[in-house]
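Participant: Mind folding the following:
(one chain, ligands or ions: 1)
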Amino acid sequence: MELSSLGTIADVRAALRNGAGAVDVCAEFLDRIAARDGAIRAFTHLAADRALERAAALDGRGPDAPALPLLGVPVAIKDNICTRGLPTTASSRILAGYVPPYDATVIERLTAAGAVVIGKTNCDEFAMGSTTEHSVRGPSRNPWNPACVPGGSSGGSAAAVAARLAPAALGSDTGGSIRQPAAFCGIVGMKPTYGRVSRYGLLAFASSLDQIGPFGLTVADAAALLQAIAGPDPRDATSAGAAVPAFEEAAAEPARNPTIGVPWSILENGVDAGVGAVFTAAVETLRGLGATIVDVPLPHAEYAVPTYYIVAPAEASSNLARYDGVRYAYRAPLDERDATLDRMYDRTRRHGFGDEVKRRIMLGTYALSAGYYDAYYLKAQQVRTLIRDDYDAAFRRVDAVAMPTTPTTAFRIGERSDDPLQLYMGDVFTAGANLTGLPAISLPCGRDGAGLPVGLQLIGPAFGEETLIRVGAAYEEQAPWWREAPPAAGARGPE
Ligand code: GLN
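Facilitator: Numbering: from 1, shown residues only. Next up, the predicted model:
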């Protein structure tokens, strides 16, 4: 195989089997980044030298060294995941220059599996957003149309994989931040069950919702990455003890006759016609490959967005209290004359945080304040239980629930930046999986009239990633949309 046609993890493995070195693979992706990332801006920091050194060390392992599942696979890492010796800023001014002294558990595990971290990717500040426009570094671009957002908050990771600048990437998903950019960029993204993957070393946004997960071009690639990072971790008390199934093997065993629930009633309003048509065709494809399609009611699904926008900001307001200028990175300069502790806090946070982060801190502080706690936070936690009850009822009848990942395809940069409410409404189909902790995957399932990708979301029962992988693999076998590369990948784009 020509190195220039490398796309998937499977391709990297084949190249290495056929005599290429990890250094050749790494150099190929670094060359692509050098040539094409100026137009995409997926990366905020490249670890070129370090990655090549590491690849050389992998190449230098003797013939008797143990086989490693991700040997020589370059991986791009969202910039809110701590990487020892590499800047980790969550795309915020307040962490400018912060270089963690430790690796997140997921980074340790990827490294142990043989992967090579090639760089850090752009995101919305502290993962709060859906476009990457809330990054202090400015927006990344959608590889299908550079005038459009790649989605967010893990937009840089999704754009990197879609543009073939990395075969795989990690993101984090608090209300959709892996699945939504995967959908907008036409790739596979997965939010694992809450607790499946350690959050140790993830800069916390909303601790009861955050999960780290994989991006890949194919379901099998996402499964390979998940395999490497999943499993209990004594350093994260919320990581689950559940045994980790053989996800990669599941990807090789497509589900033949699953029962899939579709909540048709919640899709009646607010879904763009183009997305609706592509989604309906995807459901027909599932039926065609032997799935039984049943209607499932999710009566509380419409409350996912208001519930999420109480819980997430509330948790964010307390998590972000630690950025006060004392311990980490940025501290605002002060005149000696008025250098009081309060002023230092005030100016550091005023200058260090962007507008969206400040909006969330204020919303969250309000929702948690005395007199409002019961009306907002407590009520939101109760509604959260009702949403989970709906899904539990659904999973007594179906193996997975299908819906579009997003109500629209990617929109233009700037088009919604003045309208937070409209952006928040875009999380309507994704936030539910975070509120309930359930695993969910987004797969490319076609393109709308403008040639922009549409995502098919499958939500599974707790710790049911295997089912999502098997159903996803069956769909993908029938409808291999991932084979169409966007124009930014140097290939022919939509007609
Ligand atoms: N778009 C959602 C938000 O703005 C989700 C973000 C995320 O999952 N990190 O909060």
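
Participant: now Thr408, nearest residue through space, not along the chain?
Facilitator: If the residues on either side of it in the chain are set aside, Thr408 comes closest to Asp272, at 4.7 Å by Cβ to Cβ, 6 or more residues apart in numbering. No exception for glycine: its C-beta is placed from N, CA and C like everyone else's.

Participant: Oops, could you answer that again for Arg470 instead?
Facilitator: Using Cβ to Cβ, 6+ apart, the closest residue to Arg470 is Ala255 (3.9 Å).

Participant: check contacts around the one you found.
Facilitator: Listed by Cβ atoms under 8 Å, 6 or more residues apart in numbering, the contact partners of Ala255 are 291, 399, 467, 470-471, 473-474.

Participant: Kindly indicate the member of these with the most neighbours.
Facilitator: Taking other Cβ atoms under 10 Å as the neighbour criterion, Val471 ranks highest of those with 28 neighbours.

Participant: so what's that one closest to, chain neighbours aside?
Facilitator: The shortest distance from Val471 to any non-neighbouring residue, by Cβ to Cβ, 6+ apart, is to Ala255 (4.7 Å).

Participant: and the residue nearest the centre of the chain, how far is that from Gln457?
Facilitator: For the chain, the residue nearest the mean C-alpha position is Ile178 (2.0 Å; Cα atoms, centre = their mean). Distance, Ile178 to Gln457, by Cβ to Cβ, to the nearest Å: 11 Å.

Participant: What residues does the stretch 1-150 of the chain have near the ligand?
Facilitator: With Cβ under 6 Å from any ligand atom as the criterion, the stretch 1-150 of the chain meets the ligand at residues 127-130.

Participant: just the stretch 301-450 of the chain next, same as before
Facilitator: Within the stretch 301-450 of the chain, the positions near the ligand by Cβ under 6 Å from any ligand atom are 312, 427.

Participant: Name all residues that make contact with the residue of the stretch 301-450 of the chain found nearest the ligand.
Facilitator: Nearest to the ligand in the stretch 301-450 of the chain, going by Cβ to the nearest ligand atom, is Asp427, at a distance of 4.8 Å. Asp427 sits next to 130, 175-176, 180, 304-305, 308 when contact means Cβ under 8 Å, 6+ apart.

Participant: okay but Leu217 is in contact with Gly7, surely?
Facilitator: Yes. Leu217 is within contact range of Gly7, at 5.8 Å (criterion: Cβ atoms under 8 Å).

Participant: The two: who's more crowded?
Facilitator: Remark: of Leu217 and Gly7, Leu217 carries more neighbours, 27 against 20, as counted by other Cβ under 10 Å.

Participant: ok, the more buried one - contacts?
Facilitator: Listed by Cβ under 8 Å, 6+ apart, the contact set of Leu217 reads 7-8, 161, 167, 187-188, 482.

Participant: all helices of the stretch 251-400 of the chain, in order?
Facilitator: Assigned by DSSP state H, counting those that start in this stretch, the stretch 251-400 of the chain shows helices spanning 273-288, 304-319, 341-352, 355-368, 379-395.

Participant: Now do the longest one against helix 355-368, angle only.
Facilitator: Translated: helix 379-395. Interaxial angle, helix 379-395 versus helix 355-368 (axes from the mean of the first three to the mean of the last three Cα atoms, to 10 degrees): 100 degrees.

Participant: Sort out which residues of helix 379-395 are buried, please.
Facilitator: By neighbour count on 16 or more other Cβ atoms under 10 Å, the buried set for helix 379-395 is 380, 383-384, 387-388, 390-391, 394-395.

Participant: Show me what it is packed up against.
Facilitator: Applying 3 or more Cβ pairs under 8 Å, 6 or more residues apart in numbering; DSSP states H and E, we find helix 379-395 packed against helix 304-319, strand 400-404, helix 431-436.

Participant: Now find how far off-centre it is within its chain.
Facilitator: Relative to the chain's own centre, helix 379-395 is displaced by 23 Å; criterion: Cα atoms, centre = their mean, to the nearest Å.

Participant: what's in contact with that helix?
Facilitator: Under Cβ under 8 Å, 6+ apart, the answer for helix 379-395 is 261, 296-301, 303-304, 306-307, 310-311, 314, 367, 401, 432, 435-438, 459-461.

Participant: Just the buried ones from those, in ChimeraX syntax?
Facilitator: Command for ChimeraX that selects the buried part of the contacts of helix 379-395, burial taken from 16+ other Cβ under 10 Å:
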select :261,296,298,300,301,303,304,307,310,311,314,367,401,432,435,436,437,438,459,460,461
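
Participant: Could you measure from the nearest residue to Pro150 once chain neighbours are set aside over to the ligand?
Facilitator: Spatially, and ignoring its direct neighbours in sequence, Pro150 is nearest to Ala159 (4.1 Å; Cβ to Cβ, 6+ apart). In this view, Ala159 and the ligand are 16 Å apart by Cβ to the nearest ligand atom, to the nearest Å.

Participant: Ok, Ala57 next?
Facilitator: 34 Å.

Participant: Right, I'll call it a day here.
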